[in-house]
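Visitor: Curious how this folds, go ahead:
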Amino acid sequence: MQLFDLPPQGRALARHRGRVSSNLNIRAGRAATKQADSLSKDFVVHLRTILALSILAACLHSQAHAGSAPASLTCTPLTKGSSMQLDGTIPASEGTLSLVVSSREHRYTLSDAGSETTVIESLAEGVFALNIRSRGFETTLYAIPATVKATPLPYGTDARFVAKLTALRPSRHADAGASYLYDDYVRDIKMSCHYRYEI
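Guide: Numbering: from 1, shown residues only. Prediction:
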């Protein structure tokens with residue numbers, strides 16, 4: 001094998017190329033390191049975002065369960081000679097109906113079973129209406145708008161108002177499937193009512 005000695009210009013060019021190659025390798029190594037660091041940082045940020053969203057979702061799920069409740073409703077008669085009373089809970093953010101209708105020694109309970117309940121409520125604007133369709137009879141209660149006094153609560157509403165009630169007389173209440181006559185109802189009697197909803 002024959003070796004040739006490079007002239008001075010060739011040796012200088014070779015050394016220059018070696019330095020360029022070395023510099024390119026160093027730069028490539030630094031670029032790769034920077035890219036790896038960037039990917040690592042992006043990955044950490046991504047993980048933190050997922051964790052934050054997971055915690056937020058868990059909190060919202062917890063609040064959705066913890067923030068559900070029916071509203072309480074109590075009404076006493078203002079109409080002279082009436083002894084009708086309402087006391088219990090009606091649907092709000094939680095759809096639970098358990099309302100006792102009473103008059104002296106007679107009473108019956110309106111519940112979710114066998115009843116279809118509609119509540120229209122915007123007490124800050126003086127609006128409240130309750131309609132309960134049960135088996136064979138109907139109960140309605142609506143507030144007189146000018147009488148509504150609503151107080152906002154941190155997580156709900158407290159209100160007092162005068163309302164008109166039409167309901168089956170407790171003394172006439174019979175088993176499901178019974179049919180009722182006009183006189184079996186009290187109609188448009190005035191009630192003093194207290195509504196409270198709070199989670």
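
Visitor: Going by C-alpha atoms from here, please, whenever you check contacts or count neighbours.
Guide: Will do.

Visitor: Need the distance between the two termini of stretch 92-110.
Guide: The first residue of stretch 92-110 is 16 Å away from its last residue (CA to CA, to the nearest Å).

Visitor: what comes into contact with that stretch?
Guide: 67-71, 83-91, 111-112, 117, 119, 134, 169-171, 173, 197 (CA atoms under 8 Å, 6 or more residues apart in numbering).

Visitor: do stretch 129-139 as well
Guide: Here stretch 129-139 makes contact (CA under 8 Å, 6+ apart) with 110, 114-121, 140-143, 165-168, 176-180.

Visitor: now, which of those residues lie within helices?
Guide: Using DSSP state H, no member of the contacts of stretch 129-139 falls in helices.

Visitor: which intervals of the chain have sub-threshold pLDDT?
Guide: By pLDDT under 70, the weakly predicted segments of the chain are 1-67, 176-177.

Visitor: just the helices in this protein please.
Guide: With DSSP H as the definition, the chain shows helices at residue ranges 8-66.

Visitor: Is there a neighbour count for E105? I'd like the number.
Guide: 7 (other CA atoms under 10 Å).

Visitor: For it, give me the backbone phi and psi.
Guide: phi -90, psi 0 (degrees, to the nearest 10).

Visitor: ok so, going back, are any of the contacts of stretch 92-110 buried, and which?
Guide: Buried members of those, scored by 16 or more other CA atoms under 10 Å, are 69-71, 84-91, 111-112, 117, 134, 169-170, 173, 197.

Visitor: Which ones among the residues you listed lie within strands?
Guide: Assigned to strands by DSSP state E, the following of the buried ones among the contacts of stretch 92-110 qualify: A71, M84, Q85, L86, D87, G88, T89, I90, S111, T117, S134, Y197.

Visitor: Grab the two from the residues you listed that are most spread out in space.
Guide: With CA to CA as the measure, no two of those lie farther apart than S134 and Y197, at 23.7 Å.

Visitor: quick one: the residue nearest to T147 when sequence neighbours are not counted from D188, how far?
Guide: Nearest residue to T147 in three dimensions, chain neighbours excluded: F161, at 5.1 Å (CA to CA, 6 or more residues apart in numbering). F161 sits 15 Å away from D188, going by CA to CA.

Visitor: And the two? Which one has more around it.
Guide: Each of F161 and D188 has its neighbours counted (other CA under 10 Å); F161 has more, 22 against 15.

Visitor: Just give the closest residue to L168, not the sequence neighbours.
Guide: Spatial nearest neighbour of L168, chain neighbours left out: Y185 (4.3 Å); criterion: CA to CA, 6+ apart.

Visitor: What about the one you found, how many residues nearby?
Guide: Residues contacting Y185 under the criterion other CA under 10 Å number 19.
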